[in-house]
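1. I'll drop the sequence and a predicted model, then ask my questions.
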Amino acid sequence: MVTIMRTFIFLTTLLLYACANQPQSESVYQSLGGLPKIEEIVNNHIVEIEKDPVLFEYFKESDVERYRAKLTEHICFHTGGPCEYTGDNMERVHDGMNMTEADFNRGIDSLIDAMNEADIPHRVQNKVLAIFAPMRKEIIYRP
Amino acid sequence: MKNMRKCISQRSGLIVTMLLYFLMAGQTLAGQGKLLETAGLTQIEGSGGGGIVPWATISGYDSRDETSLSVFNTLVFLDDYRLHSLGASVGLFDRVELSFARQNLHLSASGEKIRQNIYGIKARLYGDLIYTTLPQISVGAQHKMLVDGAVASAVGAKNNTGGTDFYVAATKVHLGAVGGFNLLWNLAARATKANQLGLLGYGGGKNNDYQIMFEGSVGILLSRHWAIGYEYRQKPNNLAGVKEDDWQDFFATYIPNKRFNFTLAWTQLGDIAGAKNQQGFFVSATGYLW
């Protein structure tokens, strides 16, 4: 009887431990499909920007290859992937752009399109957006 | 013949909304600055909200540098009544909302109708539905003027001409919060003397003072285009002769783009002016013209 109880307690503890650690064991980075998918999303995003005159206006002076590399690192790092972000902070990156709220949301719409094109499931997309949404205040209206 | 005319006048509102939508679709206009789904819907009294509850959202897709204009048309088919609400709303810089709604309650048995005009104003005080940690918070007022006051007098309302409701609303979307789906909640507190939205006048034998009523909405955004949810609206019970119950509804909304949304709901509105347990369908469309 005691053995059964002990086994039960052990298994329950194991189960609870496994459950409690579920979110950590599957990072958003992993749900996305790792670095290859992030690279695909960033590539789609850049193509979207090039097609959109409103968004392109903000990037016309930018070095596309630098933007590609830093954005890939940024997404990889913040979604819990094995990368280091070596770019400037968000304020510095967007200084002088004076990006409006409407154009920021246009950029988010473009990012959603980029994720759709990369076949990222809706629920994973939302988790990505949840990570980056709080950064908006560091990005918009920076003269 | 009379019924048919009535029917035509109701449908014409919807047709006008649809026509304007199709005319405007494809044109580049202002007021596109919010993310899809985040403008909310239009509630039964003309304010930006859910179906029956006002939200803290400003009615259109305007961002802080833009303006918006939307029109809405709502029909509620109940056992003994039919409520038609038609109106328009202006959003100014995602800060202020000005709205107008014309309500028309048809009593199926007698063929009588009760009409009411509602002028609404709302101001966003704080926050952003999506981007701030704390919810978006707005205050608003709905000034209601009853056109047909005879029924209000008959059921014992102290005032059969009009009244003003004041509310505060907090609304928030939590991205990916429920198994990866976005969760929306709204809580509003309303100071009111209105009986059945004011269609049965203001105040009564049981109570003739302002009371605070709580109203709530919760929704799940199933995709970028579909949302489902539930709403509850506490109601005063001022009249001595006829009971008034709290309202609730389950809704499903389709939002194909930033020009249009369509809502279908199942409503339970309880007793209305002596008619028991009124239930039925609620259909609503909002078109965003600007």
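-> Everything's here; your move. Predicted, not measured: the structure shown is a model, and the values here were computed from it.
2. and the one helix or strand residue B:276 maps to, which strands flank it?
-> For residue B:276, the element it lies in under DSSP states H and E is strand B:275-288. Sheet pairing of strand B:275-288 (DSSP bridges) gives strand B:67-78 (antiparallel), strand B:260-272 (antiparallel).
3. with adjacent residues omitted, what lies nearest to the residue in the stretch 51-200 of chain B that chain A sits nearest to?
-> Closest residue of the stretch 51-200 of chain B to chain A, CB to the nearest CB: residue B:180 (2.5 Å). To be clear about C-beta, it is placed using only N, CA and C from the backbone, and glycine gets the same treatment. Residue nearest to residue B:180 in three dimensions, not counting chain neighbours: residue A:123, with 2.5 Å by CB to CB, 6 or more residues apart in numbering or on different chains.
4. A strand includes that neighbour, no?
-> No. When classified by DSSP: H, G, I helix; E, B strand; the rest coil, residue A:123 is found to be helix rather than part of a strand.
5. and residue A:129, what helix or strand is that in?
-> helix A:122-132.
6. for that helix, what is the average pLDDT?
-> Confidence for helix A:122-132, expressed as mean pLDDT, is 96.
7. who does that helix touch, helix- and strand-wise?
-> Helix A:122-132 makes packing contacts with helix A:28-32, helix A:64-78, helix A:101-117, strand B:162-178, strand B:181-192 when contacts are defined by 3 or more CB pairs under 8 Å, 6 or more residues apart in numbering or on different chains; DSSP states H and E.
8. most packed of the strands paired with strand B:275-288?
-> strand B:67-78 (a mean of 22; mean count of other CB atoms under 10 Å in any protein chain shown).
9. report the buried residues of stretch B:140-156.
-> For stretch B:140-156, burial by neighbour count (16 or more other CB atoms under 10 Å in any protein chain shown) applies to B:140, B:142, B:144, B:146, B:149, B:151-152, B:155-156.
10. quick check, nearest of those residues to residue B:224?
-> Proximity of the buried residues of stretch B:140-156 to residue B:224 (CB to CB) peaks at residue B:140, which lies at 27.7 Å.
11. okay, now the closest residue to the closest one other than its chain neighbours: neighbour count?
-> Beyond its immediate neighbours in the sequence, the residue positioned closest to residue B:140 (CB to CB, 6+ apart) is residue B:122, lying 3.5 Å away. Residue B:122 is flanked by 27 other residues according to other CB atoms under 10 Å in any protein chain shown.
12. sorry, back to before: what does the helix holding residue A:129 contact?
-> Applying CB atoms under 8 Å, 6 or more residues apart in numbering or on different chains, the contact partners of helix A:122-132 are A:28, A:31-32, A:75, A:78-79, A:108, A:111-112, A:115-116, A:120, B:174-177, B:179-182, B:223-224.
13. going through those residues, which ones are buried?
-> By neighbour count, with 16+ other CB under 10 Å, these hold A:28, A:31-32, A:75, A:78-79, A:108, A:111-112, A:115, A:120, B:175-177, B:180-182, B:224 as buried.
14. adding secondary structure and distance to residue B:85, write the buried residues of stretch B:140-156 out as CSV.
-> Converted to CSV, these look like this (DSSP: H, G, I helix; E, B strand; the rest coil; distance: CB to CB, whole Å):
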residue, secondary structure, distance to residue B:85
B:140, strand, 17
B:142, strand, 12
B:144, strand, 12
B:146, strand, 14
B:149, coil, 18
B:151, helix, 17
B:152, helix, 18
B:155, coil, 21
B:156, coil, 25
